[in-house]
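Student: predicted model and sequence below, questions to follow.
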There are 2 protein chains.
Amino acid sequence: MAMFFNIFSLKNLLVLSLALNLSLVLRVLYEKDFEVNNGRSVDNQKDALTTTDGVLSEARATQRARPSMPSSSSTVDSDGGDTIINLDHGDPTMYERFWQQAGDKSTIVIPGWQSMSYFSDAGSLCWFLEPEFAKEIIRLHKTVGNAVTEDRYIVVGTGSTQLYQAVLYALSPQDAVEPLSVVSAAPYYSSYPLITDCLKSGLYKWAGDARSFNKEGPFIELVTSPNNPDGYVRQSVVNKSGGILVHDLAYYWPQYTPIASAANHDIMLFTVSKSTGHAGMRIGWALVKDEEVAKKMVKFVELNTIGVSKDSQLRAAKVLQVVIHSCQYPTSLGSLFDFSAHLMEERWKLLRAAVRQSGLFTLPEFSPGSCSFLNRSFAPQPAFAWLKCQEPMEDCEGFLRSNNIITRSGKHFGVSPQYVRISMLDRDENFYIFVERLSTIHQRQSVQVDETGE
Amino acid sequence: MAMFFNIFSLKNLLVLSLALNLSLVLRVLYEKDFEVNNGRSVDNQKDALTTTDGVLSEARATQRARPSMPSSSSTVDSDGGDTIINLDHGDPTMYERFWQQAGDKSTIVIPGWQSMSYFSDAGSLCWFLEPEFAKEIIRLHKTVGNAVTEDRYIVVGTGSTQLYQAVLYALSPQDAVEPLSVVSAAPYYSSYPLITDCLKSGLYKWAGDARSFNKEGPFIELVTSPNNPDGYVRQSVVNKSGGILVHDLAYYWPQYTPIASAANHDIMLFTVSKSTGHAGMRIGWALVKDEEVAKKMVKFVELNTIGVSKDSQLRAAKVLQVVIHSCQYPTSLGSLFDFSAHLMEERWKLLRAAVRQSGLFTLPEFSPGSCSFLNRSFAPQPAFAWLKCQEPMEDCEGFLRSNNIITRSGKHFGVSPQYVRISMLDRDENFYIFVERLSTIHQRQSVQVDETGE
């Protein structure tokens, strides 16, 4: 016990303990509401251990959202280390707390006879885009100041994943002799290569790390900024002509990074999953400058899924409305961005403290920047931690897995397995068990060695 | 006027007139509800004329759902023939009336904090399938008796369109030298070739009419039964080994065809669009016998859209619940299937009468069959009319378009442009204007010839 106090500062422990208590109090307060209003649990996820590779199936290990929690963190890894903590994918359940506290304002009611037609606005370019949702998208960007919406077409998609494919379809010539190359600077989002190549399309082909790309002819460069997995703000890196840039701005929101200015690119992708936390809605949107590109994207979504769930679009419109209102008329809870920016700041502090204490890992360092929305300067606090295991450890994912922490190996992101990506957006309980366990991994390893007599 | 009575039987006119009146009364009754509850109109579709080819964009001509309607049908084409009636796609707005009458039972309420995670049931094979929806799918099939659900995996999709692609992905070997051939007997669903070939996949390739397919090696045969576009019940037609059958049973419901027995195939696709009329939900499901096939389908949906809208799945669960209840405890309104079977019967009678009177077209003829669900014998009354223009007319779609009726040409279905597909599922007003106009086309043409002095 004394040893634990030695390696973990009192201040860190206090913050951790307070956070845990806050989390428990909120659970108690909202537990009843959950069961009464919902008739179901938000986390009725069964236990399952990961068996296959892929975008998400890797990630289906235990998600114990309501483990038997200690009321304080004053024991070493208080859950005994048995709970499997799955931080492989970026499931944004951290946001549930905000929406519980926001109450009924964001509740949507849809009568059975509503939204039955395929069409949302038959006369508009994106005929399956709900006009109310389009309106709120524009209002949100104007409120936050993170993207230019003037002279842009909005294309809605079943998540930004579908829009990514719509962009590839739209930008690839139908009559080209060979597939268009698609590149992104490593470390790049692990799903890009899998999605791009899954159907062995003759239209486009994954061509790997943008930094080493030197093929002649046209190509698509994906610029994810802030970047998934490492959180850095990015620019295009390919230094030759013929490239079409696609900006994935899923994380360009003030809870993750300072908003420097309104992004003003030709093709910009966003998603509610990472802005409001509603991943289950499967709603993303693209802001597209060129009309022909927007039309072809619409055509892709038409061929792929004949439009996008109207129910989710209507719900997304309502949720954005509440977000905008929370910015304009902040309550004691603050806006969604105040809430989540604060939470991210706190989590990154805890994570950095745990990493320091463990002595086994390093994290990216960021410079502070001025945020025009939050009116203050801060360093990026990304949605993922890009953790590096120190030498001589080579398989960071395997090492953490042996400690019941599921992460995604750097090899999926085009770099060394010394790196792993860790979601920072999980529910409080899971996150706190994770940092607690991380901080004591070194110690745990020693205890194990002692016990086995090795 | 007298001439109109001569060519159109009094009984036909009476049914038409009563239907129109019923429709208008219902409109008046529900108009207020629409605007008060919804804050928006269900048919705020702007006028737009079709410009491009494709699955749906062809179909975006004017959809005047509430035209200035005559209170009786006792004039020749009472709207003057100016309203563009778009029956190109199968937008199932006919069902709105049932759901309006069903009232609040089918209303869904979703709080802002619900369904935020990507996961619906992390431990199950289809981790993004809402368990409540899965339960109702099984109950519905058991109630209707149209499909075996025992020993099947359920995979949910963003409409059955996405599931069709998931099936292609699942059945195609990843390491094959050449793409797997995909065939279906003509006339086949017009979207199949477009969807199959849109990305020029190296995994699979559209190979056209199943009847003329004679390539060696493995292939996929799509069996749509009842068939889209012609409504006939179908079996596999390729008479050689190596084929994998995929059954698209979107229309195997008692409003369209007698339920002879529970379908018991390896891969069966269904959709709410055509069963309950909720096309805007974008929800379909597959019943799949083989675990590995189901797993690969799940992988496709994961790569394509990281799951399926939870909001729509929850709403679909609620809607199916109401449908099942309407079967078990029918009110004066009858079950959804009573309501829609009756409507389809009435519509087909009107259409056949109009076709007889026009003298310019023919329709498929169907033999009656016994329906185990409705406990009576009736002939198929498909969701589409497969209309053939008589000689010497060669371009049926163009001819009807010149009469402001938008349909889909037979050429998209792999057959002659003498045929067109016409949706039978539009709102009452549009359908009645359509049959009225069709019955008088010959007369209208004569009048035009007279007027121009040709």
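Tutor: Cool, the structure landed.
Student: from chain B, how far out is A:Ile85?
Tutor: A:Ile85 sits 14 Å away from chain B, taking Cβ to the nearest Cβ, to the nearest Å as the criterion. Quick note: C-beta positions are derived from backbone N, CA and C, even for glycine.
Student: give me the beta-bridge partners of that residue?
Tutor: Per DSSP bridges, residues listed as beta-bridge partners of A:Ile85: A:Gln63, A:Ile405.
Student: for chain B, what are the nearby residues on the stretch 151-300 of chain A?
Tutor: A:158-159, A:161-162, A:165, A:169, A:191, A:194-195, A:198-203, A:273, A:277-283, A:298-300 (Cβ under 8 Å from any Cβ of the partner chain).
Student: ah, wrong one, I meant the stretch 301-450 of chain A
Tutor: Counting by Cβ under 8 Å from any Cβ, the stretch 301-450 of chain A sits next to chain B at A:302-312, A:315, A:318-319, A:322.
Student: can I have the buried ones of the residues of the stretch 151-300 of chain A next to chain B as a PyMOL selection?
Tutor: A single PyMOL command selects the buried members of these (16 or more other Cβ atoms under 10 Å in any protein chain shown):
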select buried, chain A and resi 158+159+161+162+165+169+191+194+195+198+199+200+201+202+203+273+277+278+279+280+281+282+283+298+299+300
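Student: what about A:Ser236, neighbour count?
Tutor: Residues near A:Ser236, counting by other Cβ atoms under 10 Å in any protein chain shown, number 15.
Student: let me see the contact set for it.
Tutor: A:Ala210, A:Glu221, A:Val223, A:Gly243, A:Leu245 (Cβ atoms under 8 Å, 6 or more residues apart in numbering or on different chains).
Student: make it 6 Å
Tutor: A:Glu221, A:Val223, A:Leu245 (Cβ atoms under 6 Å, 6 or more residues apart in numbering or on different chains).
Student: A:Arg97 belongs to a strand?
Tutor: No: looking at A:Arg97 with DSSP: H, G, I helix; E, B strand; the rest coil, it is helix, so not inside a strand.
Student: a markdown table for the contacts of A:Ser236, including neighbour count, pLDDT and distance to B:Glu397?
Tutor: Converted to a markdown table, these look like this (neighbours: other Cβ atoms under 10 Å in any protein chain shown; pLDDT from 0 to 100; distance: Cβ to Cβ, whole Å):
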| residue | neighbour count | pLDDT | distance to B:Glu397 |
| --- | --- | --- | --- |
| A:Glu221 | 20 | 98 | 43 |
| A:Val223 | 21 | 98 | 45 |
| A:Leu245 | 15 | 98 | 41 |
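Student: show me what counts as buried in the helix or strand where A:Ala353 lies.
Tutor: Element membership for A:Ala353 (DSSP states H and E) is helix A:336-358. Within helix A:336-358, the residues scored as buried using 16+ other Cβ under 10 Å are A:336-341, A:343-344, A:346-348, A:350-351, A:353-358.
Student: which strands or helices does it pack on?
Tutor: Counting contacts by 3 or more Cβ pairs under 6 Å, 6 or more residues apart in numbering or on different chains; DSSP states H and E, helix A:336-358 packs against helix A:428-439.
Student: and the angle from the helix it packs on to helix A:336-358?
Tutor: With axes from the mean of the first three to the mean of the last three Cα atoms, to 10 degrees applied, the angle from helix A:428-439 to helix A:336-358 works out at 20 degrees.
Student: elements contacting helix A:428-439?
Tutor: Counting by 3+ Cβ pairs under 6 Å, 6+ apart, helix A:428-439 packs on strand A:85-86, helix A:336-358.
Student: next helix or strand past the longest one?
Tutor: Going back to what we said before, that points to helix A:336-358. strand A:361-362.
Student: any stretches of chain A with poor pLDDT?
Tutor: For chain A, residues meeting the criterion pLDDT under 70 lie at A:1-79, A:443-454.
Student: phi, psi for A:Ala379 please.
Tutor: phi -90, psi 150 (degrees, to the nearest 10).
Student: ah, wrong one, I meant A:Ala147
Tutor: Torsion angles, degrees, to the nearest 10, at A:Ala147: phi -160, psi 140.
Student: neighbours around it, how many?
Tutor: Neighbour number of A:Ala147 under other Cβ under 10 Å is 23.
Student: which members of the contacts of A:Ser236 occur in strands, if any?
Tutor: A:Glu221, A:Val223, A:Leu245 (DSSP state E).
Student: show me which of those residues is closest to A:Phe366.
Tutor: Nearest to A:Phe366 among the ones in strands among the contacts of A:Ser236 is A:Val223, at 18.0 Å by Cβ to Cβ.
Student: who's that closest one bridged to?
Tutor: A:His247.
Student: that one and A:His247 touch, don't they?
Tutor: Yes: here A:Val223 reaches A:His247: they are 5.1 Å apart, a contact under Cβ atoms under 6 Å.
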